[in-house]
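Participant: here is a sequence with its predicted model. Questions after.
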Amino acid sequence: MKNSIKFLRFFGLITLIVYWTFTIISISQNPWFSVMHNALSDLGSNNANAPWLYNYGLIFSFPLLFIFSIYLLIIARNKLQIIGGAFITISSIFLAFIGIFHSGTRPHVFVSTYFFLQFFFGMFIFGIATPKIRIASIILFALAWSGIAFPWPSTATIEIYEISIIGVFVILIALLNPEKLVNKEHSPQNPRIPWM
C-alpha cells in the first residue's frame, strides 16, 4: 500500500484537532459559555459572539472526516467493512450540516443526532468486520449507547463524552497499519483480492 494512502488513516485524528481548535477559540470569544450548562452548538447560535467560528469549524472538519471515511473504504476487504465505511461517509456530510443548520434552526437537532448515529453505527459495523479492533469497537458502541442513559449535567458534557468515543476509534485506526486491519485471508498473497 502506498505511503500516501497510509497517511489517510490520520485524517480522523486531524478532524478532531481542527474541530477542537475552532471550538476552543470560539469558547474564548464567549465568556458566558459553560460546559456544565450549555450545548456546544450554542457557540454557533445567533446569540453567540462570532458564531461563524464554531460553525466554520464544523464545515471545515467535514472534508477531513470524509477523507478518513474514504480511507476506510479503500482498505475494506469485505462487505461489512464497506458498509461501515459508507455510514461514516454519510456522517461526515451531516457534520457539515450541523454547521450549516446551526443552533436555532429547525433541522439542527436532527442533523446533530444523525451525525452521531451514523458514525457510531459505521464504527460498529466496520469494527465487527475487522478482527484487530472488533472487541474495542463493540465496547465503544456499548459505551456510546449507555452514555445516553446517564444523567449528564448538560448537553455539552454528553457531547464531549460522545466525541471522546469517536476520538478513541479514530486513534485506534491511526495507530494500526492498514495491513494489520484486514483479515489474513485477504492478504497481498491472495490473488483474488487486488492490493494497493
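Facilitator: It's in. Here the structure is a predicted model, which means the values were calculated and not measured.
Participant: switch to C-alpha atoms for all contacts and neighbour counts from now on
Facilitator: Will do.
Participant: give me the below-cutoff pLDDT ranges for the chain.
Facilitator: 1-3, 178-180, 182-196 (pLDDT under 70).
Participant: give me the phi and psi angles of residue 33.
Facilitator: phi -70, psi 130 (degrees, to the nearest 10).
Participant: show me the longest helix that occurs in this structure.
Facilitator: Determined from DSSP state H, the single longest helix within the chain is helix 51-75.
Participant: distance between that helix and the chain's centre?
Facilitator: In terms of CA atoms, centre = their mean, to the nearest Å, the centre of helix 51-75 is set 8 Å apart from its chain centre.
Participant: and stretch 4-21, by the same measure?
Facilitator: 10 Å.
Participant: and stretch 20-28, by the same measure?
Facilitator: 18 Å.
Participant: next structured bit after the longest helix of the chain?
Facilitator: Going down the chain from helix 51-75, the next helix or strand is helix 79-100, by DSSP states H and E.
Participant: which neighbouring elements make contact with that following helix?
Facilitator: Applying 3 or more CA pairs under 8 Å, 6 or more residues apart in numbering; DSSP states H and E, we find helix 79-100 packed against helix 51-75, helix 108-128.
Participant: what residues sit buried inside it?
Facilitator: By neighbour count on 16 or more other CA atoms under 10 Å, the buried set for helix 79-100 is 80-100.
Participant: returning to that earlier point: can I get the helices and strands packed on helix 79-100 in a markdown table including distance to residue 39?
Facilitator: Listed next are those as a markdown table, based on distance: least, CA to CA, whole Å:
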| stretch | distance to residue 39 |
| --- | --- |
| helix 51-75 | 12 |
| helix 108-128 | 11 |
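Participant: okay if I get these as CSV plus mean neighbour count and distance to residue 41?
Facilitator: Formatted as CSV, the helices and strands packed on helix 79-100 follow (neighbours: other CA atoms under 10 Å; distance: least, CA to CA, whole Å):
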stretch, mean neighbour count, distance to residue 41
helix 51-75, 23, 8
helix 108-128, 21, 9
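Participant: compare those helices and give me the one nearest residue 181.
Facilitator: helix 51-75 (8.2 Å; CA to CA).
Participant: phi, psi of residue 37?
Facilitator: Dihedral angles (degrees, to the nearest 10) for residue 37: phi -130, psi -20.
Participant: rewinding a little: tell me what the longest helix of the chain is packed against?
Facilitator: Counting by 3+ CA pairs under 8 Å, 6+ apart, helix 51-75 packs on helix 11-28, helix 79-100.
Participant: can I get the ones you listed in TSV with distance to residue 62?
Facilitator: Formatted as TSV, the helices and strands packed on helix 51-75 follow (distance: least, CA to CA, whole Å):
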stretch	distance to residue 62
helix 11-28	8
helix 79-100	5
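Participant: could you measure from the nearest residue to residue 27 once chain neighbours are set aside over to residue 95?
Facilitator: Closest residue in space to residue 27, ignoring its immediate chain neighbours: residue 33 at 6.6 Å, by CA to CA, 6 or more residues apart in numbering. Distance, residue 33 to residue 95, by CA to CA, to the nearest Å: 22 Å.
Participant: next: residue 80.
Facilitator: 23 Å.
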